[in-house]
Structures are given as structure tokens and as C-alpha cells.
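Engineer: pasted the sequence and its predicted model underneath.
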Amino acid sequence: MGYLLKTNWWKWLCIILLTYTIIGGLLLPVPKLPILNETIRVLHFHVPMWFGMILVFTGSVIYAIKYLKTNNSKFDIYSSQLASTGIAFGVLGIVTGMAWAAYTWGEPWSNDPKQNASAVSLLIYLAYFVLRNSLNDEQQRSRISAVYNIFAFTLMIPLLFILPRMTDSLHPGNGGNPALSAVDLDNDLRKVFYTAVIGWTLLGYWIASINIRLSLAHQKIENAS
Amino acid sequence: MIELIKKDLIVDWRQQNPISGILLYLASTIFTSYMAFRGFISIEVWNALFWIIILFTAITAISKSFMQEERRSLYYFFLVKPQLLITAKLIYSFIYLLALAILSLLIFSILFGNPISDYLFFVFNLGLGCLGLSSAFTMISAISFKASNRSIIMAVLGFPVIIPVLILSISNSAKILDQTIWAQVQGNMLTLVSIDVIIIALAFILFPFIWKS
């Protein structure tokens, strides 16, 4: 993050990749499949949101660990701002997923294990911010919320990656439905999909870096006055 | 460490207020749900209701685990290592919750009837579930110890974290009540064990950081 704050070549990369994703994702040919039809294009917008969310949350946890090691309040700001960006991505992921499900599964929310798991992971990080607001002492807040961040993230992993695979689900990738494995993904889709994942994740870090700069500036003003 | 566990036990025994409070809480919740669910209780409903009551009992019983230590925390800070303290707390809250769970199983079987055929298996799964619940809530209780509105924070932080344990133990015990053989729940059981281990390991690593502040 410190490096990303200093350079900006990756912002240009992000703009290029996302332009390609949006144009290519909406216009390039896609495989014709029953039921899915053209809704398969949601792959470039829905799935990268979850990839982005997980990667941004991972960044947040890494900085929480760094904070506990060094006690440097800079890392706490990194961690909390990355987490809030992750929430934004998660909400977009749920909304795009529900819109897609409304057309293909017939209803926006069908008590599917993956939907429930994603809703719970959002609750975890919303709780993280509730916890931050209820602690008054600054150092205590940073330390305790870092601990909760690590604790909750680790328990989120079985929730997102193990439990949905143990029960049947309508979601692609479960119960014999095709998904992201090398065999299932068509070459036309793959050309756009990988750039979409990288592009949206970079966008997430970009948004976070602006927020981080802002809060670092706030902190400086507070310390000066 | 044994002294610490003993101390918790003695404190609870002497005060009696919290213990009798939680027992009454348990009895009245079960009785209320008996009134509400009378007449249409199938095995699935029995199972789900039982675990929900265990969940709420756990959050009420264990939330006090660190709250009552407010005055003593300074002594501990100088006297015992944080690892020792968290181990004692984990063991104590596990025993406490298991005792409550078995008691509620008793009241449940009196009021709702008893669909269990394989007691050993059912109690084993109950134990694993209680281990996960008690250790996660002990950790959450330590986290919310310093927060301003504790009881709400406790529920908000605790429920999403506990869901993997809860899902696994509910589905396991539903299968056990449906007279499944060991091989069919083996995978789920192993996952539950590993989640328990993860929770305990995390509590062990992260607790010293909370304690220092």
C-alpha cells in the first residue's frame, strides 16, 4: 500500500483494463447457453466484485497484523479504509448477484448457501465498524479492532469456501453447475474475465488509497492543532 | 491454571445470582417455546429449536466471563500470563456451557419428548458444538470488554462469527436424529473439529494483544 500510494502507473493500468472490460464484456461474443443466454455477461461484473472484496479484505487483515506487530497508527488507517472499500464491493456483489438470480433462478433471494454466506461476511465487516465506533480510546480502538479483524476474517474463510461446497447450491460451481474451472470457462469469456478481475481489484485499491490519503491528512491536521 | 478455574467456579458458586439467573433464563425460554410450538413439533423443529436455545443461553452465560473481572483485571495483569488466563477461561466456559446444554437437554426431553436414539453420538456432537460456541464467545467477550455498549456489541460481533459452527452442528445433529451412521457425518464432523481448533488457536494467539491494552 505504501508503494501504491507513491506511484500511479497502476492507475493507468486500471483505467485501460476497465475500459476494455466494459466494452469487451458488453460487446464481445459469448457462448450461447440455455437459461443463461446473454446474462452470462454478468460474469465480468459480478464475480470480480467478490474477487476484489476478498483481495481487499486480505489486504486489510495483513495491515491489521502489521499494526499489532508495530503499533504504527498508519497501518490501522490502511486496514480500516481497505475494509470499508471491501464492504462497498461486497454490497455491489450482492446486488449484481441478486439481479442476475432474479432472471435465471426466478427470484432474487432463494436461501442459497452462497448467498447466505456472502450476506454473513458483509455482516462481519459491518460489525467491525460498529466495534470501532463504540471504542473511545484511540489506541485501544486500533488494537481491539485489529484483533477482531483477524479473528473474523479467519472464520469467514470456511464460511465462504468450505461450507457452500458441502451442501447443494444453485450457484455456478456447485452441485455440478459449471463455473470457473479451466474446463468450464470458454475462451471468449476468459479473454475478458481475467482482465476484469485485475481491473476491478485495482479500482478497489485506488478508492482505498484516496480514502487513506484523506484520513492521513486528517490525522496530520489533528496532530498539528 | 487450575486455581484460576477453581476461582471462577467459587466466584460463581458464592454469588449464585448469575447462576440461578441463567438457569431460570434457560427454563423460561424452553417453557415459552413449548407454549409457542405446542402441537406441531417434528424432529427437525425440535433440533433447530434446541440449538437456537443453546445459542442464546451461550451468549447470555458467557458474555459475563470477562465482565465480572473488571475490578480484578489489574491483579491478573501483574500476576498471570495472558495465555494462562485465556486457557483457564476457555476451559471454564466450555464446562459451564456443556453443563447448561445437558440440563437443557433434560428439560427439553421432559417437555417436548425425546427423539434421540444414539445418545453417545448426539452428546459428542453437542460437545463439539458447545466447544466452538463457548470459545468463540469467550474471545468475543474479551474483545467487547472495553466497548461502551457491551451487550449489543457482543451480539453484533458474535453472531456472524459463530455461524459456521452453528450450521455444522445443527446439520450434524439433524442427521444423527435421523439415525444416520457414522460414515455419513464423518466429513462434517471433521470440519467442525477443525473450526473449533482454529477458534481456539486464534484465541490463544490474539488474546495477549487485547490484554495488553
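Structural biologist: Right, received. Where do you want to start? Residues are numbered from 1 along each chain as shown, chains lettered A, B, ... in the order given.

Engineer: and the gap between residue B:65 and residue A:24?
Structural biologist: Separation of residue B:65 from residue A:24 (Cβ to Cβ, to the nearest Å): 55 Å. Using the backbone N, CA and C atoms, a C-beta is placed for each residue, glycine as well.

Engineer: the more surrounded of those two?
Structural biologist: A direct count of neighbours by other Cβ atoms under 10 Å in any protein chain shown for residue B:65 and residue A:24 places residue B:65 higher, at 22 against 17.

Engineer: correct me, but that one touches residue B:141?
Structural biologist: Yes: applying Cβ atoms under 8 Å, one finds residue B:65 in contact with residue B:141, separated by 4.9 Å.

Engineer: please list the residues of chain A that sit near chain B.
Structural biologist: A:68, A:120-121, A:123-124, A:127, A:130-131, A:134-137, A:139-140, A:143-144, A:146-148, A:150-152, A:154-155, A:158-159, A:162-163, A:166-167 (Cβ under 8 Å from any Cβ of the partner chain).

Engineer: residue B:2: neighbour count?
Structural biologist: When neighbours are counted by other Cβ under 10 Å, residue B:2 comes out with 8.

Engineer: does residue B:146 sit in a helix, a strand or a coil?
Structural biologist: Secondary structure state of residue B:146, per DSSP: H, G, I helix; E, B strand; the rest coil, is coil.

Engineer: that one against residue A:135, yeah?
Structural biologist: Yes: distance between residue B:146 and residue A:135: 6.2 Å, which falls inside the contact criterion (Cβ under 8 Å).

Engineer: need the residues touching each of those two.
Structural biologist: Between them, residue B:146 and residue A:135 share the neighbouring residues residue A:144, with contact defined by Cβ atoms under 8 Å, 6 or more residues apart in numbering or on different chains.

Engineer: give me the element residue B:116 is part of.
Structural biologist: Using DSSP states H and E, residue B:116 maps to neither a helix nor a strand.

Engineer: give the contact list for it.
Structural biologist: Contact analysis of residue B:116 by Cβ under 8 Å, 6+ apart lists B:109, B:122, B:176-177.

Engineer: what of residue A:195?
Structural biologist: A:17, A:20-21, A:24.

Engineer: show the buried residues in these.
Structural biologist: When neighbours are counted using 16 or more other Cβ atoms under 10 Å in any protein chain shown, these contain these buried positions: A:17, A:20-21, A:24.

Engineer: rewinding a little: now distance to residue A:199 and secondary structure too, for the contacts of residue A:195, in CSV please.
Structural biologist: Supplementary listing: these in CSV, determined by distance: Cβ to Cβ, whole Å; DSSP: H, G, I helix; E, B strand; the rest coil:
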residue, distance to residue A:199, secondary structure
A:17, 3, helix
A:20, 8, helix
A:21, 5, helix
A:24, 11, helix
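
Engineer: could you pull out the helices for chain A?
Structural biologist: In chain order, chain A shows helices spanning A:2-6, A:9-27, A:47-70, A:73-104, A:113-134, A:138-157, A:163-166, A:187-224, with DSSP state H as the criterion.

Engineer: any idea which of those helices scores lowest on pLDDT?
Structural biologist: The stretch with the lowest average pLDDT out of the helices of chain A is helix A:163-166, scoring a mean of 65.

Engineer: excluding sequence neighbours, find me the nearest residue to the most centrally placed residue in chain A.
Structural biologist: Geometric centre of chain A, nearest residue: residue A:53, 0.8 Å, by Cα atoms, centre = their mean. Leaving aside its sequence neighbours, residue A:53 sits nearest to residue A:89 (Cβ to Cβ, 6 or more residues apart in numbering or on different chains; 4.1 Å).

Engineer: can you pull the contacts of that neighbour?
Structural biologist: Taking Cβ under 8 Å, 6+ apart as the criterion, residue A:89 is in contact with A:49-50, A:52-53, A:56, A:200, A:204.

Engineer: that older thread, out of the residues of chain A next to chain B, which end up buried?
Structural biologist: A:68, A:120-121, A:123-124, A:127, A:131, A:134-135, A:143-144, A:146-148, A:150-152, A:154-155, A:158-159, A:163, A:166.

Engineer: enumerate the residues of chain B near chain A.
Structural biologist: Proximity of chain B to chain A, by Cβ under 8 Å from any Cβ, involves residues B:136, B:139, B:143-144, B:146-149, B:153, B:156-157, B:159-161, B:163-164, B:167-168, B:171, B:187-188, B:191, B:195, B:198-199, B:202, B:206, B:209-210, B:212-213.

Engineer: beyond the lowest-mean-pLDDT helix or strand in chain B, next helix or strand please.
Structural biologist: Taking mean pLDDT, DSSP states H and E as the measure, the helices and strands of chain B show their lowest mean at helix B:73-79, namely a mean of 67. Toward the C-terminus, helix B:73-79 is succeeded by helix B:82-112 as the next helix or strand (DSSP H and E).

Engineer: mind listing what's buried in that following helix?
Structural biologist: The neighbour-count criterion (16+ other Cβ under 10 Å) identifies B:82, B:85-94, B:96-98, B:100-101, B:104-105, B:107-108, B:112 as the buried residues of helix B:82-112.

Engineer: burial of residue 141, as a residue count?
Structural biologist: All of this is about chain A. Other residues lying near residue A:141 total 20 when counted by other Cβ under 10 Å.

Engineer: wrong one, I was asking about chain B
Structural biologist: By the measure other Cβ under 10 Å, the count of residues near residue B:141 is 24.

Engineer: so what's it up against?
Structural biologist: The contact partners of residue B:141, taken as Cβ under 8 Å, 6+ apart, are B:62-67, B:154.

Engineer: against chain B, how distant is residue A:75?
Structural biologist: 14 Å (Cβ to the nearest Cβ, to the nearest Å).

Engineer: and the helices in chain B?
Structural biologist: Ranges of helices within chain B are B:2-15, B:17-37, B:43-62, B:64-67, B:73-79, B:82-112, B:119-144, B:150-177, B:182-212, based on DSSP H.

Engineer: contact partners of the shortest one?
Structural biologist: It stands for helix B:64-67. Applying Cβ under 8 Å, 6+ apart, the set of residues contacting helix B:64-67 from outside is B:18, B:89, B:92-93, B:137-138, B:141-142, B:145, B:150.

Engineer: and for the first one?
Structural biologist: Helix B:2-15 has contacts (Cβ under 8 Å, 6+ apart) with B:18-19, B:68, B:80, B:84-85, B:88-89, B:91-92, B:96.

Engineer: how far does stretch A:136-152 sit from the chain's center?
Structural biologist: 21 Å (Cα atoms, centre = their mean, to the nearest Å).

Engineer: so what touches it?
Structural biologist: Here stretch A:136-152 has contacts from A:60-61, A:64-65, A:67-68, A:71, A:73, A:76, A:79-80, A:83, A:124-125, A:127-128, A:131-132, A:135, B:139, B:143, B:146-148, B:157, B:160-161, B:202, B:206, B:209-210, B:212-213, using Cβ under 8 Å, 6+ apart.
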